[in-house]
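Q: I would like the atomic coordinates for the input below:
(2 chains)
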Amino acid sequence: MAPIRVLMAKPGLDGHDRGAKVVARALRDAGMEVIYTGLRQSPEQIVQAAIQEDVDIIGLSCLSGAHNSLFPKVVELLKERGAGEIAVFGGGVIPEADIPDLQVAGIEVVFTPGTSLEKIVTFVRERVKKGNE
Amino acid sequence: MSSCWQRQLAQTISKIENMDPQALAEAASLFLDNPSVQIIGITGPPGGGKSTLCSQLIQALAAEHKVAALLVDPSSPYSGGAILGDRIRMQALVSNPNVYIRSLSNRGNTGGVGSSVVSILRAVISRGFDYIIIETVGAGQSEVKIASIADTTLVVSVPNLGDDIQAVKSGILEIADIFVINKADLPGVDSLYIALRESAQKQVDGWTAPLCQTVATQGIGIAELLTEIDKHWQWLQQAGRLLEKRKLAAKFEVLELSRVLLQKHLDRVPADVLARNLNRKDINLLQKLDEVYAELLNLFGEV
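A: A predicted model of the protein is given here:
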């Protein structure tokens, strides 16, 4: 069976990627191929990487508070570039109050700090499986 | 910027990687002997600066040329998954429409690259790139497969990883078309240079691998390196060597495909044999393997 390919991306200007790396390792340990973009990515860079890498799903991590503008922009660009079926989930420092609007904008799930890695891995696995059906 | 062809290429590469029969058949019908693309391999130890070097080369070339990069990282021996992190050094390049960057796991294959890399090369070549750069996993002394695939193989070394006897040893240093001493601002660069020149550099059919010094993080030595890469390209064509290189790559492709298909068959059989035998309580496989051994010999014939 083909391994799931995940893009872990950090849009915006915050310099904290321990969380993103921890999630990346958990996904790797679950047998997935995880491409990490590094810090300070624009939505355009993230979407272009997702397309070139043919990923199944994108995880966005943002700790600077810029998620409300940057996360939906990623979804919008994916659709514009004909890659709208790539699912997007988010994490980082995101107030609960912001989550409903993010979901409306196409971020399917937001994992706030303290979420178990198992939960994230399960979500990714099942979401990609559903997407392939 | 047209993402359409990039998306198609990306999806084709995935299918080839996953050994989709139709994708493999289509790739097989594409040409490998296209003489207007130079395939550059970059190998060397982990942390030696391959990705940064690759990024600098792409940046310089992409001003006027179409460049593709295939970046290989190792898969986990435990889970089979992988963290593909070479791209980090190159994300600034991603908005250049002349550049296509793809990360690949070696999927457990030893030697520095995955088994389907040449089939992938066929697909990439067909898109009209002028340069294709393949960066291997962080390589030890025996990861030499890149030399069977690339036209021009760059072997990256960094100072202070060993004394001059390391430079004499067989393996990766023998495959260099160009030696690159990266992190050349570190102490120890002179003794590395001398060691490589005296013990590793050799002439093969009229080409002597030059020794380039770079500080990739600062872009130092890149223009000179590109000059040597171009010189090697000229020599390959003048000496009639390019076709030989591509034939090597095709041979590698066939051998790898055979190995992978055969491995699938082999993986199945011992598991069946072992499963059958492990259920027998009177056999302790640590002490008595002869019945299993006999069964394997029966299946595969005498060695």
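Q: where exactly do the helices run in the stretch 51-200 of chain B?
A: Taking DSSP state H, counting those that start in this stretch as the criterion, the stretch 51-200 of chain B carries its helices at B:117-125, B:164-168, B:189-195.
Q: could you dump the ones you listed to TSV with mean pLDDT, mean neighbour count and distance to chain A?
A: Glycine gets a C-beta too; all of them are placed from N, C-alpha and C. Putting the helices of the stretch 51-200 of chain B into TSV (pLDDT from 0 to 100; neighbours: other C-beta atoms under 10 Å in any protein chain shown; distance: least, C-beta to the nearest C-beta, whole Å) gives the following:
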stretch	mean pLDDT	mean neighbour count	distance to chain A
helix B:117-125	94	24	12
helix B:164-168	68	14	31
helix B:189-195	91	17	28
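Q: what's the closest of these to B:C54?
A: helix B:117-125 (15.2 Å; C-beta to C-beta).
Q: Grab the most central residue of chain A for me.
A: Closest to where the C-alpha atoms of chain A average out (C-alpha atoms, centre = their mean) is A:G59, at 1.2 Å.
Q: My reading is that it lies in a helix. Confirm?
A: No: under the criterion used here (DSSP: H, G, I helix; E, B strand; the rest coil), A:G59 is strand, not part of a helix.
Q: what pLDDT does the residue nearest to it when sequence neighbours are not counted get?
A: Nearest residue to A:G59, sequence neighbours excluded (C-beta to C-beta, 6 or more residues apart in numbering or on different chains): A:M8, at 4.9 Å. The model reports A:M8 with a pLDDT of 97.
Q: give me every residue that touches residue 53.
A: No chain was given, so I picked chain A. Applying C-beta atoms under 8 Å, 6 or more residues apart in numbering or on different chains to A:E53 gives the contacts A:5, A:7, A:35, B:10, B:84, B:87, B:102-103.
Q: wrong chain, I was asking about chain B
A: B:42, B:154, B:156, B:180, B:182, B:214, B:216, B:222, B:225.
Q: B:R102 now?
A: Counted by C-beta under 8 Å, 6+ apart, B:R102 has contacts A:52-53, B:10, B:13, B:68-71.
Q: Would you quantify the distance from it to B:L84?
A: 9 Å (C-beta to C-beta, to the nearest Å).
Q: shared neighbours of those two, which are they?
A: With C-beta under 8 Å, 6+ apart as the test, B:R102 and B:L84 both reach A:53, B:71.
Q: circling back: these two touch, right, the residue nearest to A:G59 and A:V55?
A: No: the pair A:M8 / A:V55 is not scored as a contact, 9.6 Å apart, by C-beta atoms under 8 Å.
Q: and for those two, which residues touch both?
A: Listed contacts common to A:M8 and A:V55 are A:I35; contacts here mean C-beta under 8 Å, 6+ apart.
Q: B:E135: neighbouring residues, count only.
A: Using other C-beta atoms under 10 Å in any protein chain shown, the number of residues around B:E135 comes to 30.
Q: Check which element follows the helix or strand harbouring the residue nearest to A:G59 along the chain.
A: Per DSSP states H and E, A:M8 falls inside strand A:5-9. Note on strand A:5-9: by DSSP H and E, the next helix or strand toward the C-terminus is helix A:18-29.
Q: Give me the residues contacting that following helix.
A: A:4, A:6, A:8-10, A:34, A:36, A:59, A:61, A:63, A:91-92, A:113, A:117, A:120-121, A:124, B:76, B:78-79, B:81-83.
Q: Distance of the residue lying closest to B:T214 once chain neighbours are set aside relative to B:L161?
A: Of all residues beyond its chain neighbours, the one nearest B:T214 is B:G221 (3.5 Å), with distances taken as C-beta to C-beta, 6+ apart. Shown here: B:G221 relative to B:L161, a distance of 19 Å by C-beta to C-beta.
Q: Which one's more surrounded, these two?
A: Taking other C-beta under 10 Å, B:G221 and B:L161 do not tie; B:G221 has more neighbours (19 against 13).
Q: Show the contacting residues for that one.
A: By C-beta under 8 Å, 6+ apart, B:G221 lies in contact with B:184, B:212-215.
Q: Please repeat the previous calculation with a cut-off of 6 Å.
A: Counting by C-beta atoms under 6 Å, 6 or more residues apart in numbering or on different chains, B:G221 makes contact with B:212-214.
Q: Repeat that for A:H16.
A: Counting by C-beta under 6 Å, 6+ apart, A:H16 makes contact with A:L63.
Q: wait, which of the contacts of B:R102 is closest to B:V137?
A: If you rank the contacts of B:R102 by distance to B:V137 using C-beta to C-beta, B:L71 comes first, at 9.5 Å.
Q: Need the pLDDT of the closest residue to that closest one other than its chain neighbours.
A: Nearest-residue entry for B:L71: B:D86, 3.7 Å, with adjacent residues in sequence omitted and distances by C-beta to C-beta, 6+ apart. Per-residue confidence at B:D86 stands at 92 (pLDDT).
Q: And for B:D86, the neighbour number?
A: Residues contacting B:D86 under the criterion other C-beta under 10 Å number 24.
Q: If I follow the layout properly, it ends up in contact with B:T52?
A: No: using C-beta atoms under 6 Å as the test, B:D86 is too far from B:T52 to be in contact (9.7 Å).
Q: B:A62: neighbour count?
A: Neighbour number of B:A62 under other C-beta under 10 Å is 18.
Q: Quick check on it: phi, psi?
A: Dihedral angles of B:A62 (phi, psi; degrees, to the nearest 10) stand at phi -70, psi -10.
Q: ok, how many other residues are close to residue 43?
A: Reading this off chain A. The number of residues near A:P43, taken as other C-beta under 10 Å, comes to 21.
Q: not what I meant, chain B
A: For B:T43, the tally of surrounding residues (other C-beta under 10 Å) stands at 28.
Q: Report the mean per-residue pLDDT for stretch B:137-144.
A: Here stretch B:137-144 scores 82 as its mean pLDDT.
Q: What of stretch B:64-81?
A: Mean per-residue pLDDT for stretch B:64-81: 95.
Q: Kindly report the same for stretch B:203-218.
A: Across stretch B:203-218, the average pLDDT comes to 93.
Q: in that stretch, what counts as buried?
A: Neighbour-count burial for stretch B:203-218 flags B:207, B:209-216 (criterion: 16 or more other C-beta atoms under 10 Å in any protein chain shown).
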